[in-house]
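Novice: Quick check, what structure comes out for this input:
(2 chains)
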Amino acid sequence: GENVEQHPSTLSVQEGDSAVIKCTYSDSASNYFPWYKQELGKRPQLIIDIRSNVGEKKDQRIAVTLNKTAKHFSLHITETQPEDSAVYFCAAGGDTGRRALTFGSGTRLQVQP
Amino acid sequence: DAGITQSPRHKVTETGTPVTLRCHQTENHRYMYWYRQDPGHGLRLIHYSYGVKDTDKGEVSDGYSVSRSKTEDFLLTLESATSSQTSVYFCAISERHPGGETQYFGPGTRLLVL
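Specialist: Sure thing, here's the model as predicted:
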């Protein structure tokens, strides 16, 4: 089955700096890569996703890049703000519901004011 | 919130007792999932359903069973709860849109097995 590794497990940055979280996956058949943000005591919320026919996707301060050859993808957050502090999860899977997602173990991001 | 609710939201039970968690959705989604979340493990798939009476196992299915007798409800049962099943349980649905499908999560159920 799919295996997703996520690094780092914790990340502390100063407000205004950039943050990068990296994930690798093992199953070359995976073609859908979402990122979720989870605040304390809340449900994971989708913040951005990318499909294998695209190398990069951007939404305001967040962007995701995908390298299918190397089987890795990354989340980039620019101009970080204290409200970006949360746990972020990457995931990999198919783009149909039949292929459930496999999640990374999470990155706790702390943005210092 | 994709019209997903979970009940109960919190439960304390004793080892050896059966427990059933309910996931309810109002938007007629075909695919539904149960995950458990534990520190250091992210979210791990327990079981999922791809239609009424159609279910399949995930990576951590031992000790759990599921049922889906109607589209809107997906039940997760712990036949005989153990302390290792203390966790936060999230239900999710898969929503179809022109770009593919996207998973959205319910609010979660916090289960403590004493």
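Novice: where does residue 28 land in three-state SS?
Specialist: Unless you meant another one, I'm taking chain A. Following DSSP: H, G, I helix; E, B strand; the rest coil, we place A:Ser28 in the coil state.
Novice: you looked at the wrong chain, it should be chain B
Specialist: Looking at B:Asn28 with three-state DSSP, the answer is coil.
Novice: my read: it touches B:Thr71, true?
Specialist: Yes. If you go by C-beta atoms under 8 Å, B:Asn28 and B:Thr71 touch, sitting 5.9 Å apart. (Glycine included, C-beta is placed from N, CA and C.)
Novice: So for those two, which residue has more residues nearby?
Specialist: B:Thr71 (15 against 9; other C-beta atoms under 10 Å in any protein chain shown).
Novice: Can you give me the pLDDT of the more buried one?
Specialist: For B:Thr71, the model assigns a pLDDT of 96.
Novice: does it really touch B:Val52, like I thought?
Specialist: Yes. The pair B:Thr71 / B:Val52 is scored as a contact, 5.9 Å apart, by C-beta under 8 Å.
Novice: got the residues of chain A near chain B?
Specialist: Taking C-beta under 8 Å from any C-beta of the partner chain as the criterion, chain A approaches chain B at residues A:1, A:6, A:32, A:34, A:36, A:42-46, A:49, A:51, A:89, A:91, A:95-98, A:100-106.
Novice: and those residues, which are buried?
Specialist: A:6, A:32, A:34, A:36, A:43-44, A:46, A:49, A:89, A:91, A:95, A:97, A:100-106 (16 or more other C-beta atoms under 10 Å in any protein chain shown).
Novice: Which ones among these map onto strands?
Specialist: A:Gln6, A:Tyr32, A:Pro34, A:Tyr36, A:Leu46, A:Asp49, A:Phe89, A:Ala91, A:Thr102, A:Phe103 (DSSP state E).
Novice: Report the contact partners of the last one.
Specialist: With C-beta atoms under 8 Å, 6 or more residues apart in numbering or on different chains as the criterion, the residues that contact A:Phe103 are A:Val4, A:Phe89, A:Cys90, A:Ala91, B:Tyr35, B:Gly42, B:Leu43, B:Arg44.
Novice: ok, now with 10 Å
Specialist: A:2, A:4, A:6, A:23, A:34, A:36, A:44, A:89-93, B:35, B:37, B:41-45 (C-beta atoms under 10 Å, 6 or more residues apart in numbering or on different chains).
Novice: Neighbours of A:Asn53, how many?
Specialist: 10.
Novice: Kindly report the same for B:Pro18.
Specialist: 10.
Novice: So it sits against B:Glu79, correct?
Specialist: Yes. Counting by C-beta atoms under 10 Å, B:Pro18 does reach B:Glu79; the two are 5.8 Å apart.
Novice: Mind listing the shared neighbours of B:Thr71 and B:Val52?
Specialist: In contact with both B:Thr71 and B:Val52: B:Arg30, using C-beta under 10 Å, 6+ apart.
Novice: In the sheet, which residues pair with the residue in chain B that chain A sits nearest to? Tell me.
Specialist: Closest approach between chain B and chain A, counting by C-beta to the nearest C-beta: B:Tyr31, at 3.1 Å. When assigned by DSSP bridges, B:Tyr31 has beta-bridge partners B:Ser94.
Novice: In this structure it contacts B:Val52, no?
Specialist: No. B:Tyr31 is not in contact with B:Val52 according to C-beta under 10 Å; the separation is 11.8 Å.
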